[in-house]
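Novice: can you look at this prediction? I've put the sequence above it.
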Amino acid sequence: MKIGYACLVEGKKELAMRSCTLKNATEEKLREITEHNLTVLDRILDYNIENGILLFRISSDLIPFASKKEVEFPWQRLYANELQNLGEKALKGGLRLSMHPGQYTVLNSPNPDVVERAVLDLEYHTEFLDLCGLKEDSKVILHIGGIYGNKVEAKQRFVENYNLLSPNIRKRLIIENDDKLYHVEDVLEIANIAQIPVVFDVLHHKVNPPAEEKKVTDWIRLCGETWKDFDGVPKIHYSQQWIGNKAGSHSKTICLEEFMKFYQSVSTIPIDIMLEVKDKNLSAVKCILGTSRTGTIRQLEKEWANYKYTILEHSPKHYQEIRSLLKDKNSNPVHDFYRLVEEAMELEPARGHVINAFQHVWGYFKEDASEPEKVKFLKELTKYELGEIGPDRVKRYLEKLLDHYPNAYLLQSYYFLI
DNA sequence: TGACGTCAAGATCCG
DNA sequence: CGGATCTTGACGTCA
């Protein structure tokens, strides 16, 4: 079972993607951005493989406006080599890639212009994966679309338009249940008529279930049956509700305990799990370590290095507990570790704890910092102590110092991110 | 016509 | 000027 995340890497500035607006989309600009994004994607693949993350969704925005007719940019020709190298790297590393046009790509619209644009968009996504030389198990995920007052006709129109797609597109296209209009039963009905694999989305299903009640694992098995051998292992989307937010909105991080219950329920079903969560790779690493049989305390110590100053800021009590938890080098207390991390993150940081974390982080700079920098830091710290400025101001100043005095340990820390 | 979702770019404001 | 914060863009559907 592979576990992965979508599109972006959190906590690593050098892996940030770039974009532009339509009115600035000159050929030169598009070259610049695409070349940057392809280079970044190459490094993201490395990052994923190094961290055992073997499932990843490539951002549709990697090549800006790639599917727009009006924008002439021969990316297929310009970057054929780069794409092929990316694909080879993924295949060699066992990394399964996919793409996912957003909710605005609608194949079943009654408006032919909308359908034409949807087809062009599917062509772009398919061509991208084709040029990478990826196998047919690298999929393009699509929602069914709108209803337009008549769901029966809307479903029929989806099937008709699907059948008009090129074989190249059809061999990669898969469909997903959404959180508003098409529940899993609808999607399975379409899938069985047109022979399309179905991605089961766990949270969408919770928010938008069909009338027929079945266990989640039964739906997952049924969706799994729509996948043929050459489609690869059936995929599902997994996310958790952001408590207190509107139904269906993704949580900031995956609660490992909740994930483990789900994971155990599907342990006998062959699936790959795509996480949809705001902290992206952070949750992917968490879930992979949580489900690994061969994990070591070294990996946990590496995670601790990333989280420690954030935890210190939220709760010194949890900080100490985690420290003692990690003392036994013959253990691998993954679940207690993340439980404490998640618990601490729920606590509102008290001023004294925030200051304590500032001083720990300042410790990395105080030898190298210039006199004016020391004065500035102490001044900001005092202002924060007096309640004149918020904690973010001081944190951002420390982050600026990190730019001037790079430090490998702090650079990989999540302290400036969460 | 606004809400929906998503992210970086772009615009604006501040000292 | 640099930096922080707010707004826009790009897409289609639905209420």
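Specialist: Ah, there it is.

Novice: give the rounded mean pLDDT of stretch A:23-31.
Specialist: Mean per-residue pLDDT for stretch A:23-31: 93.

Novice: off-centre distance for it?
Specialist: In terms of C-alpha atoms, centre = their mean, to the nearest Å, the gap separating the centre of stretch A:23-31 from the centre of its chain is 27 Å.

Novice: tell me the span between the first and last residue of that stretch.
Specialist: Start-to-end span of stretch A:23-31 (C-alpha to C-alpha, to the nearest Å) is 15 Å.

Novice: ok, stretch A:5-12 next?
Specialist: OK, stretch A:5-12 end separation, C-alpha to C-alpha: 15 Å.

Novice: outside of that stretch, which residues touch it?
Specialist: The contact list for stretch A:5-12 (C-beta atoms under 8 Å, 6 or more residues apart in numbering) reads A:15-17, A:44, A:47, A:53, A:55-59, A:100, A:274-277, A:279-284, A:306, A:412, A:414, A:417. C-beta: built from backbone N, CA, C; applies to glycine.

Novice: show me which residues of the stretch 151-300 of chain A are close to DNA strand B?
Specialist: Counting by C-beta under 7 Å from any atom of the strand, the residues of the stretch 151-300 of chain A close to DNA strand B are A:246, A:248, A:249, A:250, A:276, A:278.

Novice: need the pLDDT of the second one.
Specialist: Put plainly, it is residue A:248. Residue A:248 carries a pLDDT value of 88.

Novice: quick one, which of the contacts of stretch A:5-12 are buried?
Specialist: A:15, A:17, A:44, A:47, A:53, A:55-59, A:100, A:274-277, A:279-284, A:306, A:414 (16 or more other C-beta atoms under 10 Å).

Novice: which residues touch residue A:134?
Specialist: A:87, A:90, A:91, A:97.

Novice: what pLDDT is listed against the nearest residue to the third one once chain neighbours are set aside?
Specialist: Spatially, and ignoring its direct neighbours in sequence, residue A:91 is nearest to residue A:134 (7.0 Å; C-beta to C-beta, 6 or more residues apart in numbering). With respect to pLDDT, residue A:134 has a value of 98.

Novice: surely residue A:134 forms part of a strand?
Specialist: No - assigned with DSSP: H, G, I helix; E, B strand; the rest coil, residue A:134 falls outside any strand and is coil.

Novice: give me phi/psi at it?
Specialist: phi -80, psi 150 (degrees, to the nearest 10).

Novice: looking at neighbours, which among the residues of the stretch 151-300 of chain A next to DNA strand B is most surrounded?
Specialist: residue A:276 (22 neighbours; other C-beta atoms under 10 Å).

Novice: how about the contacts made by that one?
Specialist: A:5, A:6, A:203, A:237, A:238, A:239, A:250.

Novice: one more pass at 7 Å, please.
Specialist: By C-beta atoms under 7 Å, 6 or more residues apart in numbering, the contact list for residue A:276 reads A:6, A:237, A:239, A:250.

Novice: so what's the residue count around the closest residue to it other than its chain neighbours?
Specialist: The spatially closest residue to residue A:276, leaving aside those adjacent along the chain, is residue A:239, at 4.1 Å (C-beta to C-beta, 6+ apart). Residue A:239 has 21 neighbouring residues, counting by other C-beta under 10 Å.

Novice: could you do residue A:411 as well?
Specialist: If you count neighbours by other C-beta under 10 Å, residue A:411 ends up with 14.

Novice: alpha carbons of stretch A:388-398, as PDB, please.
Specialist: The C-alpha trace of stretch A:388-398 is given here as PDB (Å, rounded to 0.1, in the frame of the first residue of the first chain):
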ATOM      1  CA  GLU A 388       3.100  45.700  21.900                       C
ATOM      2  CA  ILE A 389       3.600  43.300  19.000                       C
ATOM      3  CA  GLY A 390       2.400  39.800  18.100                       C
ATOM      4  CA  PRO A 391       4.600  36.600  18.200                       C
ATOM      5  CA  ASP A 392       4.700  36.500  14.400                       C
ATOM      6  CA  ARG A 393       6.800  39.600  14.200                       C
ATOM      7  CA  VAL A 394       9.600  38.100  16.300                       C
ATOM      8  CA  LYS A 395       9.400  34.800  14.500                       C
ATOM      9  CA  ARG A 396       9.700  36.500  11.200                       C
ATOM     10  CA  TYR A 397      12.800  38.400  12.400                       C
ATOM     11  CA  LEU A 398      14.300  35.100  13.400                       C
END
